[in-house]
Structure formats: structure tokens, C-alpha cells
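Asker: Build me a model from this:
(chains A and B)
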Amino acid sequence: MTSLTSTIRHKAAEAFLALFPDSGITPEDITINETKPEFTGDYTIVLFPFIKKLRQSPEALGEQLGQRLVAGDPLFTAYEVIKGFLNLTVQDSYFIGFVKDHYKDAGFGKHAPKDAAIMVEYSSPNTNKPLHFGHLRNNFLGWSVSEILKENGYRVIKANLVNDRGIHICKSMIAWMRYANGTTPESTGIKGDHLVGDYYVKFNDAYKAEIAELTAQGKTQEEAEKEAPIMQEAQELLRKWEAGDPEVYSLWKKMNGWVYEGFDITYKALGLDFDKYYYESDTYLLGKHLVEEGLQKGILFKKENGSVWIDLTEDGLDEKLLLRADGTSVYMTQDMGTAQLKYNDYHTQKSIYVIADEQNYHMQVLRLIMQKLGEPCADGIYHLSYGMVELPSGRMKSREGTVVDADDMIAEMISLAKAQTESAGKTEGFTDEELEALYKTIGLGALKFYLLRVEPRKKMIFNPAESIDLHGFTATFIQYAHARICSILKKNEGWEDRITALDISNQPLATLEKAILLHLEQYPQIVAQAADEYNPSVLCNYAFKLAQSFNSFFDKHSIIRAENDNIKTVRLLLASMTASILKRTMGMLGIQVPERM
RNA sequence: GGUUCCGUAGCUCAGUUGGAUAGAGCAACAGCCUUCUAAGCUGUGGGUCAUUGGUUCGAAUCCAAUCGGAAUCACCA
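Answerer: Residues are numbered from 1 along each chain as shown, chains lettered A, B, ... in the order given. Okay, the predicted model is just below:
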């Protein structure tokens, strides 16, 4: 179905052409805004762009156009010209017909399947420590963008590229070997990712102590950092791992296994899922053949010591290393190979990387290199860059113990939801299981909404002391509106039977009713916009505004005590559709909405 | 120094391809529950849209410069 704004655009263009046959005005030339609340009307056509060309005053042009539209089309019932703006009032029966047709139309706002696959890589954790609050933003963003794209008709592959190898894991391994005495998640009852993370912290403590000792012996800081035994052991471990040492390999597998068990618990708690896992231990050697090809094509060059580079100075960037002098690859090389692998696996039209903005440069270079190499995946590479989550004291540093742990945060939000529900005295009539589920819905909803409501690009500061609110621009607000509507619908069981008797043409709408309907009508455009911008915050804002307009309506107008059955049916229709659109919008954010709260 | 991003109310943020007197939430203050869930609603106060210039009928939005902040520019990942 076409949107109302697009319909108005077309009708206005027709009217323009009828009045001024030579004007050549097309629907795309016409700017349409929502009419500001202080004026009467629903949508507004901006007249300024045409006055010069048509040699008309804004007032005269508005009058002619308004008269023609209102006289010639039942869609419009009134117009008003103020300054250079033509405010049009849309017929009430249009909106009533709209809500009657779509109030339980699951296809409304869902876009037809496209023959295109998009991969969304997100989460991509390191396996040496548990997830922290900052990672949550990544996870929620990636998951939500995937769902938004699905709703827009794309085939989506959610991918997780697990960073399961490298010096950071070796650090945890060394510390575990030195200090753990064979303890495991089972023996300690500690969640696997946390256990491994504890030894990562332990490594850094021991490392620091050794550096201090060495500098006390007269070494420089730099020497001490290099020579500290524990660091040397970690590096030795990495060499052994790369050589395929069976003992090192089996410990690595064991500890990674603990971490995966831990991650799975967290992912499950958050409702996150993946269609495809990639592991860096499988992909870290990829990309070398691309370097070879690039050398042959003369796109890359070799320095005297044998290292391979690409010159990006013409693009305003630097020279970038792709192969070390000893022939080993670097991070970029690996990412080149992985980009190609992903493309070959799924023939994706687009490949989205949900990665923090600290890697903007890296991603810019990756795309550029692939373009220069003429790889077919190159143009589809899209970096969904997001700002880091910081504490009032600055960035979270796991080495300094300033991280807000994801699991702790989840638990805290759920208990906050519990405390609020209990203090509001809203636990009556629920079983214990229902309450548990409700606290999760509210707590996790608040957490997800908090991290998704801001445009991804912007960095955010999270103040744990102030915690996360459950009032105002929050998931709770929207969930509450949904629950209230459900309660009303329940009290009006059988209301749908009266829809056939509804007199569409003879039912004037109140301003607050129309405001809701205007929002509902815009839903498909919002879903499309969120996909175009890869931006879930669009949905947060939309759901909030919709809930807000329902609340205002709900406060002023009674549904049960509506003036007559006709009005009552209309109100139930729009309440019902509001609930279902809220549910669908929140669904794309990964947030559930309760029927009671 | 190069590249990229950000700067809107005390705080956190919206603000569509340029359009009317720049909007929400939080915080503050004042009201609204014998009537469908008050986790709600209504109202008040609060702004040099970082600054300056330009483009135009019109700029928070586009362009340039300046100021302030962030990330990054490793034979690390």
C-alpha cells in the first residue's frame, strides 16, 4: 500500500499540472510536512519552491491549489493557507477505513521479500574475558539491525566472528597454569567466561608486579615490559599454539570451551542468536593469496626487507602494512581474507560490520584495499560504527577493573524492575513464574532501550550510580501503554463482532484520536527509514511517540463509556492497532511487551 | 601534522530530501486517581542550535573558516 504522504504528493502534483500545464512539477518536487499542532490540518504542502516559477504569490497559489484539491477529491475536507503553507485536512473516514483494514494486518509495514542477502557481523567477542556493558551496545545494535532488515524483506545472516586466538588468550592461559591449581567452572561454580577473565586480570597483576621488580633492579620501563617472565611465557605459548603444540592446543580448547558456555548463557538471557559462527583460529591465515594477487597486479609493493604494503597516500591515508618481513600476516590481511570468505559463503549484497568507532580507520582502509584489488565484496562492505559507552570517569578498562560487567548489569536491571513493581504494589494476581518473567521483560527491556535509543554514531556516557530509569523515554513507558491497552481489550471481549456494523463515513474523529492514527499510518515508512539508516533509535523514538499519543488520548477519552457504539468501535480499533504496532516495533528492538504489568 | 566523527535547555537526547514561533524525557515547580492500570496525564519555567562568514525567498540542517572535544594513523589485535 502506498503511504498517505505519497498519495498527497501525487494528488498535489496532478493538481499543479491541471492548474499550470507547463510547470512540469512532479510528485518528487513537492515537500510535505506534518502540520504543526498550532494550525488546523494534517499535512502541509510547502509553496515557496514554486512561487517564482509559476509567478504566483504564495497566498494565491495556495488558494487555487487548496480549492482544487478539496473540491476534486473526497480525501481532503478542508484547507487553509497561512503564509507560504497550504494546510490540508484529511477526511476522517479515510483514517477509520485505514484502521479497520489494517488493525490486525500482520503484513502492514512488512516489505516484500527481496532477492538479496545481507550479512550482519556483530558481537565478535574476545574469548579472554566476559562481556561488559559496552559490548551490550554492539550486541543489541547488531541483533536489532538484523531484525529491521528482515522486516524490510532482506535475507539476513547474523554472523559472529569469534576472536578465539592470540596473545590475549595466552595471557589467561599462562595465569591459569600458574595460579589456578586446576580449578574449573565446575569446581568453583564460577561462570566460565568469568573464570577465564579472572585469570586475565591475574595475568596483568602479576605482569605489573614483575615490571616493578625489574625496574627496581635498574631496568627501564620499556626493557622491563619486554623482559618480564610472564609476558615471555605468554609469547612462547602463542608460538607453541601457532606451531600446533598438542598440549597447548588442548588447554586452549578447554578454556575457550568454558568461555563459550558462559557466553551462551549471556546470549540466551539477552535473547540474542546467530546464524553463522566464524572463528579467527580458522580465518587468521586467510588473505595471503589476496596479497599475492595484489603484488602480481602491481597494486601492492614490497619493501627491501620483504614486507608488503599498499600505498594509500593518494586517498589521503598512509601506507599500510599487509605482510610482515617474515611473511606472517597482520590483522588487516586476515580481515581481507575473511571478507572474501563471507562473500563466497553467502554472496551477500551487503556485509555490515557492527564495530566500535575506534576502528573507523581500519574499516575505511579494508574497504579501500578490497576496492583496489577489485574484489566483488568490496562495495558491499559497510561499517556500522557506534560510539563507545563510557563511564563518567572515562573509558572502561578491564585491566584497571573499571568495567561494568554485562551479567551483573542484567541481574541489576531485573532486580530494579522487581523492586519498582513491588513498591508500586503491582504484583497482585500474578504467579511467581509470571512475576519472574515480567521482571525480566521490564529489566531487559529497559536495558536494551537505553542502549538503542541513541543514534549509534554517538558515544554515550553511562552513570551506574544513577542507574537506568523506568520513567519517561523508556521501554517501560511503552510496555505500560501496551499492557493498559491489553487490559481494555480484555474488558471488551467480543468487540470485533461490532466492526461490521461500523459506520465509517459518519464518524468524526477527535484530535487525539487522529493523532494516533496519523502515527499508525506512518509505521511502514518508519520501518523503511530504520533500515535505510541502519538505525534502531528511529524505532525507539517512534514507539515512544505512539505510546505517548495513546496515553494522552486515553486520559481524555473513555473507551468503555464512549458516546455511542460507533465511537467505541473506532476507539477499540485504534487501541488494538496501537498495541500490535507497539509490539512489532519493540520486537525489532528485541524488547518484549507484557499483557499485564 | 593527516583522516574521520561530535558540539542543540542544568542533564540525556529528537529534529526526515533546507521550511511556520527549535521539540521530548529527566531534574525543578504547580495541578489531576469514588469512572477503562497514576510505571500515567495536564501546565509553568528553562535556548545566542559552539563561533563567524557565505549560499537563498527561507539555515540547527548545505559550504568555508575558527574554537572546543573524541577516535585513529604499530612489522598489536
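
Asker: three-state assignment of the residue nearest in space to the middle of chain A?
Answerer: For chain A, the residue sitting closest to the mean C-alpha position, by CA atoms, centre = their mean, is A:L141 at 2.9 Å. At A:L141 the chain is in helix, as set by DSSP: H, G, I helix; E, B strand; the rest coil.

Asker: roughly how far apart are the residue lying closest to A:P130 once chain neighbours are set aside and RNA strand B?
Answerer: Closest residue to A:P130 apart from its sequence neighbours, by CB to CB, 6 or more residues apart in numbering: A:D193 at 4.1 Å. To be clear about C-beta, it is placed using only N, CA and C from the backbone, and glycine gets the same treatment. Per CB to the nearest atom of the strand, to the nearest Å, A:D193 is found 17 Å from RNA strand B.

Asker: So is stretch A:330-343 next to RNA strand B?
Answerer: Yes - contact between stretch A:330-343 and RNA strand B, assessed by CB under 7 Å from any atom of the strand, occurs at A:330-331.

Asker: re earlier: tell me which other helices or strands the strand or helix carrying the residue nearest to A:P130 touches.
Answerer: Secondary structure assignment for A:D193, by DSSP states H and E: helix A:192-216. Secondary-structure packing of helix A:192-216 (3 or more CB pairs under 8 Å, 6 or more residues apart in numbering; DSSP states H and E): helix A:167-179, helix A:185-188, helix A:221-227, helix A:229-243, helix A:246-270.

Asker: could you dump those to JSON lines with mean neighbour count?
Answerer: Converted to JSON lines, the helices and strands packed on helix A:192-216 look like this (neighbours: other CB atoms under 10 Å):
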{"stretch": "helix A:167-179", "mean neighbour count": "21"}
{"stretch": "helix A:185-188", "mean neighbour count": "12"}
{"stretch": "helix A:221-227", "mean neighbour count": "14"}
{"stretch": "helix A:229-243", "mean neighbour count": "16"}
{"stretch": "helix A:246-270", "mean neighbour count": "17"}
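
Asker: Which one, of these, ends up nearest to A:I516?
Answerer: Nearest of the helices and strands packed on helix A:192-216 to A:I516, taken as CB to CB: helix A:246-270 at 31.5 Å.

Asker: Flag every buried residue along the helix or strand following that closest one.
Answerer: Downstream of helix A:246-270, the first helix or strand assigned by DSSP H and E is strand A:276-279. The neighbour-count criterion (16 or more other CB atoms under 10 Å) identifies A:Y278 as the buried residues of strand A:276-279.

Asker: ok, A:S57 touching A:I51?
Answerer: Yes - A:S57 is within contact range of A:I51, at 6.8 Å (criterion: CB atoms under 8 Å).

Asker: out of those two, which sits in the more crowded spot?
Answerer: A:I51 (16 against 12; other CB atoms under 10 Å).

Asker: Who are the contact partners of that one?
Answerer: With contact taken as CB atoms under 8 Å, 6 or more residues apart in numbering, A:I51 is in contact with A:57-58, A:61, A:84.

Asker: And A:Q592, by the same measure?
Answerer: Contacts of A:Q592 (CB under 8 Å, 6+ apart): A:441, A:445, A:586.

Asker: Among the residues you listed, which are located in strands?
Answerer: Counted as lying in strands by DSSP state E, out of the contacts of A:Q592, is not a single one.

Asker: Take those and keep only those in helices.
Answerer: Those of the contacts of A:Q592 mapping onto helices are A:441, A:445, A:586, per DSSP state H.

Asker: wait, what's in contact with the first one?
Answerer: Going by CB under 8 Å, 6+ apart, A:T441 touches A:417, A:479, A:591-594.

Asker: can you do 10 Å?
Answerer: If you count contacts by CB atoms under 10 Å, 6 or more residues apart in numbering, A:T441 has them with A:414, A:417, A:475-476, A:479, A:591-594, A:597.

Asker: Near RNA strand B, list only the ones from the residues you listed.
Answerer: Checking those against RNA strand B (CB under 7 Å from any atom of the strand), the matches are A:417, A:476, A:597.

Asker: Redo the residues you listed as a markdown table? Include pLDDT, neighbour count and secondary structure.
Answerer: Converted to a markdown table, these look like this (pLDDT from 0 to 100; neighbours: other CB atoms under 10 Å; DSSP: H, G, I helix; E, B strand; the rest coil):
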| residue | pLDDT | neighbour count | secondary structure |
| --- | --- | --- | --- |
| A:A417 | 95 | 25 | helix |
| A:T476 | 97 | 21 | helix |
| A:M597 | 95 | 21 | coil |
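
Asker: Now flag whichever of those is closest to A:D318.
Answerer: A:T476 (48.0 Å).

Asker: Identify the residue nearest the closest one in space, chain neighbours excluded?
Answerer: Leaving out its chain neighbours, the residue that sits closest to A:T476 by CB to CB, 6+ apart is A:L470, at 4.1 Å.

Asker: Give me the contact status of the worst-scoring helix or strand of chain A on mean pLDDT with RNA strand B.
Answerer: Ranking every helix and strand in chain A by mean pLDDT, DSSP states H and E puts strand A:394-395 at the bottom, with a mean of 79. Yes - Strand A:394-395 is in contact with RNA strand B by CB under 7 Å from any atom of the strand, via A:R395.

Asker: Can you list the strands that that strand pairs with?
Answerer: Paired neighbours of strand A:394-395 in the sheet (DSSP bridges): strand A:389-391 (antiparallel).

Asker: what comes into contact with the strand it pairs with?
Answerer: The contact list for strand A:389-391 (CB under 10 Å, 6+ apart) reads A:132-138, A:356, A:395-397, A:402-404, A:451, A:454, A:459-465.

Asker: Can you flag which of those belong to helices?
Answerer: Mapping the contacts of strand A:389-391 onto helices (DSSP H) picks out A:133-138, A:451.

Asker: For the residues you listed, which entry has the maximal number of neighbours?
Answerer: Greatest neighbour count in the ones in helices among the contacts of strand A:389-391, by other CB under 10 Å, goes to A:L451: 27 neighbours.

Asker: Next one, pLDDT for the residue in chain A positioned nearest to RNA strand B please.
Answerer: Closest to RNA strand B within chain A is A:G472: 2.1 Å, counting by CB to the nearest atom of the strand. Looking at A:G472, its pLDDT stands at 94.

Asker: Which stretches in the stretch 301-450 of chain A count as strands?
Answerer: A:301-302, A:308-311, A:319-323, A:350-356, A:381-386, A:389-391, A:394-395 (DSSP state E, counting those that start in this stretch).

Asker: ok, now which ones touch the residue nearest to A:D326 when sequence neighbours are not counted?
Answerer: In this structure, A:D326 finds its nearest non-sequential neighbour in A:G306, 7.9 Å apart by CB to CB, 6+ apart. A:G306 makes contact with A:323-327 under the criterion CB under 10 Å, 6+ apart.
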